[in-house]
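Participant: from the sequence below, what's the structure:
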Amino acid sequence: MGITGMSQTNKNKAEGVLIPDYNLLDAGAFVFTQYQKDKLTVSGGIRFDNRHVNGKQMMDGADIKFEGFTKNFSNVSGSAGLSYLATKELTLKFNIARGSGRQAWRNWRVMVRMKEQTGMKSVIII
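Facilitator: Numbers count the residues shown, from 1 in each chain. The predicted structure follows:
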């Protein structure tokens, strides 16, 4: 369980201005849990992020160079996974996650980890 946050202020002091003055505030909270029983491990987590941006109006003489604006962005992301120790040399893993962007579960993968006699590990992603 945890929280994150950041505050940022941009103030132009030069003659050439590429972006407007703004104030930005990021805040996030997350929870992660893991459960293990015998050869099976189940894990999962969820996270919420919010960003608030307040852009200041900027004038260039009598002309408006940047309009003032206020924007809020938020996102919920999550992940879940299973790990099964089939043998001493073979672990089967399944993970699914959703990040920012489209409202769909994507970035899924199934991994098979095999330990060869040489000690090298190979990963097969399906």
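
Participant: when you work out contacts or count neighbours from here on, use the C-alpha atoms and nothing else.
Facilitator: OK.

Participant: max-length strand in this structure?
Facilitator: The strand that spans the most residues within the chain, counting by DSSP state E, is strand 69-87.

Participant: tell me the spacing between residue 57 and residue 47.
Facilitator: When Cα to Cα, to the nearest Å is the yardstick, residue 57 and residue 47 sit 33 Å from each other.

Participant: of the two, which one has the most company?
Facilitator: It is residue 47, of residue 57 and residue 47, that has more neighbours when counted by other Cα atoms under 10 Å, with 18 against 14.

Participant: sec struct for the residue nearest to residue 8 when sequence neighbours are not counted, please.
Facilitator: Once its chain neighbours are removed from consideration, residue 8 has its nearest residue in residue 24; the separation is 5.0 Å (Cα to Cα, 6 or more residues apart in numbering). Following DSSP: H, G, I helix; E, B strand; the rest coil, the label given to residue 24 is strand.

Participant: from what I see, residue 24 and residue 11 are in contact.
Facilitator: No - with contacts defined as Cα atoms under 8 Å, residue 24 does not count as touching residue 11, sitting 11.7 Å away.

Participant: neighbour count: those two, which is higher?
Facilitator: Higher neighbour count among residue 24 and residue 11: residue 24, with 17 against 11, using other Cα under 10 Å.
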